[in-house]
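Chemist: sharing a sequence plus its predicted fold:
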Amino acid sequence: ITADGRVSSNFIMADLTVTFTVHKEATVTYPALGYCGEVVLADIGIPEEIFRSIRPKGCIIEDDILSYLPVRNPNSNKGTFGTLLALVGSPNMPGAAYLASMGALRSGVGLLKLSADGETLSILKNRLAEPVFVPFSKDTITEQKYSALLVGCGIGRQYDNCLDDILKKQNQITIIDADGINYLATHINVLMEMQGEVILTPHPGEMARLIGEDIEYVNRNRIECARAFAMEFCCVVVLKGKNTVVASPNGDVFINTTGNTALAKGGSGDVLAGVIASLAAQGVTPLKAACIGVYVHGKAADNLKPRYGARGMLPHDLPEEIGRLLG
């Protein structure tokens, strides 16, 4: 197993791996990390000034990422903390809209405008008290005022005939998840023509569809897949999975090490999309919103694991703990 994460056919399953000075790609990303066992970082005395002339391949997200959260001024109102417009959910997947909404609301957005078809909204109105409900039409969406737009959680393919106009006609930051990403995979020109900043939150299967490769290829090359796509299409990419990779348009890569297998459940990604979108609506830059979002999402799962267990924890348990972590 090489330091850059390549795995040969003749490897061992280590109980313990000691890596010197800094983490390597093999000690933070899969599949190589799966063969490392416990990883210990050892200082062998390399002077710190040596590192100042070297650009790292990636950085691990630490808890100091929370210092980038904006201070909440006591003299504030709902307008101070941004407006998120979310086009999410469908009759068979209203839970995706609910989970994304709770992720957004618990992360501090000032106002959530929730848009969906009439049947989905009628379900959500019985579960959510805080949002403004916006019955979907293409004109209604484009006329709304908001500071960030979330598209994709559980929408299916019902909006494919109008997503082109919706995505291209607005210039605010847009967070695209799930079925929104599946739409872009066959309409990549839309991503190239969008005016505002964009955050994509694909899982490996969605990333594979975006780049025309298989899932195995993505999982073998997580950092490079995320980085190359982010640079080519000038967007922030959040490649989900164990040790989520966040890549920026300028080639910087950040790796999150919080989280556990409790997050391997349908709906966890919807919560994450809502958190990232909420932070972006509040004025946090796209890259920092993504890094903060993946960190607290995983940290919440770690904090809740002793209470519920990795098997018993559910996605709807996460938003309240995320809100507590964000303060």
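Modeler: That came through fine.
Chemist: what's around Glu25, how many residues?
Modeler: When neighbours are counted by other CB atoms under 10 Å, Glu25 registers 20. In short, each C-beta sits where N, CA and C put it, glycine included.
Chemist: actually Gly118, not the one I wrote
Modeler: Close neighbours of Gly118, defined as other CB under 10 Å, add up to 10.
Chemist: ok, now how distant is the closest residue in space to it that isn't next to it in sequence from Leu114?
Modeler: Leaving out its chain neighbours, the residue that sits closest to Gly118 by CB to CB, 6 or more residues apart in numbering is Pro135, at 5.9 Å. Relative to Leu114, Pro135 is positioned 10 Å away (CB to CB, to the nearest Å).
Chemist: mind checking which of the two has more residues around it?
Modeler: Per other CB under 10 Å, whichever of Pro135 and Leu114 has more neighbours is Leu114, with 26 against 11.
Chemist: tell me the pLDDT of the nearest residue to Gly58 once chain neighbours are set aside.
Modeler: Closest residue in space to Gly58, ignoring its immediate chain neighbours: Val253 at 3.7 Å, by CB to CB, 6+ apart. As predicted, Val253 sits at a pLDDT of 97.
Chemist: so Val253 versus Glu232, what's the distance?
Modeler: Applying CB to CB, the value for Val253 to Glu232 is 15 Å.
Chemist: more neighbours, these two?
Modeler: Neighbours were counted for Val253 and for Glu232 using other CB under 10 Å; Val253 has more, 21 against 13.
Chemist: need phi/psi at that one.
Modeler: phi -130, psi 140 (degrees, to the nearest 10).
Chemist: let the chain start at 38 from now.
Modeler: OK, 38 is where the count begins now, so the last one is Val290.
Chemist: list the contacts of the nearest residue to Asp80 once chain neighbours are set aside.
Modeler: Distances taken as CB to CB, 6+ apart place Thr58 nearest to Asp80, at 6.6 Å, with adjacent residues excluded. Neighbouring residues of Thr58 by CB atoms under 8 Å, 6 or more residues apart in numbering: Leu78, Ala79, Asp80, Ile81, Ile83.
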